[in-house]
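*Asks:* Predicted model and sequence below, questions to follow.
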Amino acid sequence: MKGINRARTGLAGVVATFTVLALAACGGGSDTSGDGGDGGDEGGSDLIRVGFSQLGAESGWRTANTESVKESLSEDAGFDLTFVDAQQKQENQIKALRDFVAQDVDVIAFSPVIETGWDEVLQEIKDSGIPVVLVDRTVDTTVDDPFVTWIGADFKAEGTTAGEWVAENAPDAKIFELQGTLGSGAQVDREEGFGEVVGEQIIGKASGNFTRAEGKTAVEAALQAYPDMTMIFTHNDDMGLGAIEAIEAAGKVPGKDIQIVSVDGVRDGLQALVDKKFNYVVECNPVFGDQLAELITKVADGEDVPKETIVIDKAFDQTITQADVDARAY
Ligand code: GYE
């Protein structure tokens, strides 16, 4: 599944502490989005005009990411942001991207919901000369040099880290894998990283599309299909929280009868860890708006930027405290 132009990460299975996280605590919500997109240059304005196509609002991670992006790309910070939520539909994203081209924004940024299907629109953007900054997820395209820079996490390392915990702590577990949106960079790479370490322990897989409701439904079905499962590896916290509901409704104890290993580390996920319903959480840090703003500024000014910026993650086990959870910024 490796595409020639897929943004790739260079990290091995390393997860390290990332101090910028603490800074996220100082921000409140922001309201910089304008969905109207006025299209015209405001005479004399020095603002950098950015079109940002967010893929949706499917998870706690996404909400925190959107907040961070809007906060950092504010007018005070020098940006004129047009923010469009695609509601997890690729056709909505493609439409938004075409609108940004029509508006002739200075920079286009987007988080692709899945990896493939962008060839045509990426070529159109390229022909327009507007630089693309790829955010969070990756693309797999035949278009040559389709983006200037990419910022996001090392999804494969996240899967590897989760797998290593399982190999060490639950080598006999029978695992059901609750996948994210099929064909998304986060799903493909987490699955690959995890599978390389403990693939032979996996007894079944299904997608919960990164949402709590669909995660719950998938686990309800899995409890019937795989009665001997003892662990769920979920590609995000929201689906894991849905899994908790399904497990409890089936009269079993999450974290004990069925262990849960998750990715993200949003506050609700870490709370489940403190409550001993989750067993291990690999962080995926959504708060990188400041880094994104810096990249966009440089791209708009025609300055050199690195081809990729990896947002560093850490991981948590049940030794995490309630105070840690309460201090979590998102
Ligand atoms: O893990 C999940 C969200 O692409 C990293 O998308 C992101 C993933 C995140 O829906 O919660």
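*Replies:* Yep, that arrived. Residues are numbered from 1 along each chain as shown.

*Asks:* What residues does this structure have near the ligand?
*Replies:* Listed as neighbours of the ligand in the chain under the rule Cβ under 6 Å from any ligand atom: 58-59, 61-62, 136-137, 153, 186, 210, 236, 263-264, 284. Heads up, the C-betas are built off the backbone N, CA and C, glycines and all.

*Asks:* Now, these that are in helices?
*Replies:* 61-62, 186 (DSSP state H).

*Asks:* how about these in TSV, adding distance to E200 and pLDDT?
*Replies:* Supplementary listing: those in TSV, determined by distance: Cβ to Cβ, whole Å; pLDDT from 0 to 100:
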residue	distance to E200	pLDDT
W61	29	98
R62	32	98
A186	23	98
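
*Asks:* who wins for neighbours among the residues of the chain next to the ligand?
*Replies:* N236 (32 neighbours; other Cβ atoms under 10 Å).

*Asks:* Okay, domains of this structure per the record?
*Replies:* 4-153+286-312, 155-283 (automatic domain parsing).

*Asks:* is it possible to export the ones you listed to TSV including distance to D324?
*Replies:* Shown next, in TSV, are those (distance: least, Cβ to Cβ, whole Å):
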stretch	distance to D324
domain 4-153+286-312	12
domain 155-283	7
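
*Asks:* So which of those is nearest D326?
*Replies:* Closest to D326 of the domains of the chain, according to Cβ to Cβ: domain 155-283, at 8.5 Å.

*Asks:* okay, I312: pLDDT?
*Replies:* What the model reports for I312 is a pLDDT of 89.

*Asks:* surely it meets N285?
*Replies:* Yes - judged on Cβ atoms under 8 Å, I312 makes contact with N285 at a distance of 7.1 Å.

*Asks:* more crowded one of these two?
*Replies:* A count of neighbours by other Cβ under 10 Å puts N285 above the other of I312 and N285, at 22 against 19.

*Asks:* In three-state terms, label K205 for me.
*Replies:* strand (DSSP: H, G, I helix; E, B strand; the rest coil).

*Asks:* so where do the strands sit in this protein?
*Replies:* Secondary structure of the chain (DSSP state E): strands at 48-54, 79-85, 107-110, 132-135, 149-153, 175-179, 202-207, 231-234, 259-264, 280-283, 308-311, 315-317.

*Asks:* G240 touches I232, doesn't it?
*Replies:* Yes - with contacts defined as Cβ under 8 Å, G240 counts as touching I232 at a distance of 7.0 Å.

*Asks:* re earlier: rank the domains of the chain by mean pLDDT and give me the bottom one.
*Replies:* Across the domains of the chain, domain 4-153+286-312 has the smallest mean pLDDT, namely a mean of 84.

*Asks:* check contacts around the residue positioned nearest the centre of the chain.
*Replies:* Nearest to the geometric centre of the chain sits D136, at 5.6 Å (Cα atoms, centre = their mean). Applying Cβ atoms under 8 Å, 6 or more residues apart in numbering, we find D136 in contact with 55, 65, 111, 151-153, 186.

*Asks:* Surely M239 and E214 touch.
*Replies:* Yes - with contacts counted by Cβ under 8 Å, M239 reaches E214, the gap being 7.2 Å.

*Asks:* Mutual contacts of those two, please.
*Replies:* Common neighbours of M239 and E214 (Cβ under 8 Å, 6+ apart) are G208.

*Asks:* who's more crowded, those two?
*Replies:* Using other Cβ under 10 Å, the more surrounded residue of M239 and E214 is M239, with 32 against 19.

*Asks:* Among the domains of the chain, show me which one is buried the most.
*Replies:* domain 155-283 (a mean of 21; mean count of other Cβ atoms under 10 Å).

*Asks:* can you give me the end-to-end distance of that one?
*Replies:* 10 Å (Cα to Cα, to the nearest Å).

*Asks:* ditto for stretch 47-61
*Replies:* 28 Å.

*Asks:* tell me the contacts of the residue nearest to F278 when sequence neighbours are not counted?
*Replies:* Nearest residue to F278, sequence neighbours excluded (Cβ to Cβ, 6 or more residues apart in numbering): A272, at 4.1 Å. By Cβ under 8 Å, 6+ apart, the contact set of A272 is 237, 240-241, 244, 254-255, 260, 262, 278.

*Asks:* swap the cut-off to 7 Å and go again
*Replies:* Contacts here follow Cβ atoms under 7 Å, 6 or more residues apart in numbering; on that basis A272 touches 240-241, 244, 278.

*Asks:* same question, G183
*Replies:* With Cβ under 7 Å, 6+ apart, G183 has these contacts: 114-116.

*Asks:* From the residues you listed, pick the one nearest P131.
*Replies:* Closest to P131, out of all of the contacts of G183 and judged by Cβ to Cβ, is E115, at 20.3 Å.

*Asks:* pretty sure that closest one is touching Q187, no?
*Replies:* No - in this structure E115 lies outside contact range of Q187 using Cβ atoms under 7 Å: 9.3 Å.

*Asks:* Please name the bridge partners of V282.
*Replies:* Beta-bridge partners for V282, by DSSP bridges, are V263, A315.

*Asks:* and the gap between it and A153?
*Replies:* Distance, V282 to A153, using Cβ to Cβ, to the nearest Å: 10 Å.

*Asks:* Fine by me, thanks again.
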